[in-house]
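In: mind looking at a prediction? Sequence and model below.
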Amino acid sequence: MGCVASKLDINDVHSNIFTVLNIDEMGSRVCPGQIEITEIELVLYQKGKDPLKWPFKSLRRYGFEAEMFSFESGRRCATGPGIYAFKCRRAENLFNLLQARIR
């Protein structure tokens, strides 16, 4: 037994997984999901879809501002070139972990 507040968050168990909300260029909600930072790539999991993967070597740039994390992928990615933005309560942590893994 326990209260709802005592329920573990995914981030308490897996510090490399972040709950995100994909947004478009207008800032409108597109789709919720989770981003995992592995040793070699960024992986986006969305319900009912295959995971999207971006190898670190194909990321052109990345950054965060307040609760927003974004990155630009290159043409060699499976998704092709593009800019992706995600709302995330832990955007700074996501950025810092990505930066540490890339270095």
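Out: All right, it came through fine.
In: centre-most residue in the protein?
Out: For the chain, the residue nearest the mean C-alpha position is Ile35 (3.5 Å; Cα atoms, centre = their mean).
In: can you pull up the bridge partners for it?
Out: Beta-bridge pairing for Ile35 (DSSP bridges): Phe18, Leu44.
In: isn't it right up against Glu41?
Out: No - look at Ile35 against Glu41 with Cβ atoms under 8 Å: they stay out of range, at 10.6 Å. (Each C-beta comes from the backbone N, C-alpha and C, glycine too.)
In: next, count neighbours for Cys77.
Out: By other Cβ atoms under 10 Å, 19 other residues sit near Cys77.
In: how far does stretch 15-25 sit from the chain's center?
Out: The chain centroid and the centroid of stretch 15-25 are separated by 4 Å, computed with Cα atoms, centre = their mean, to the nearest Å.
In: quick check: buried residues in that stretch?
Out: Asn16, Ile17, Phe18, Thr19, Val20, Asn22, Ile23 (16 or more other Cβ atoms under 10 Å).
In: what's the answer for stretch 69-83, then?
Out: Neighbour-count burial for stretch 69-83 [16+ other Cβ under 10 Å]: Phe69, Ser70, Phe71, Glu72, Ser73, Cys77.
In: ditto for stretch 47-61
Out: Leu52, Lys53, Trp54, Ser58, Leu59.
In: what separates Glu39 from Gly27, distance-wise?
Out: Separation of Glu39 from Gly27 (Cβ to Cβ, to the nearest Å) stands at 32 Å.
In: which strands and helices lie in contact with the longest helix belonging to the chain?
Out: Using DSSP state H to define each element, the chain has its longest helix at helix 91-102. In terms of contacts (3 or more Cβ pairs under 8 Å, 6 or more residues apart in numbering; DSSP states H and E), helix 91-102 is packed against strand 29-37, strand 59-65, strand 68-73.
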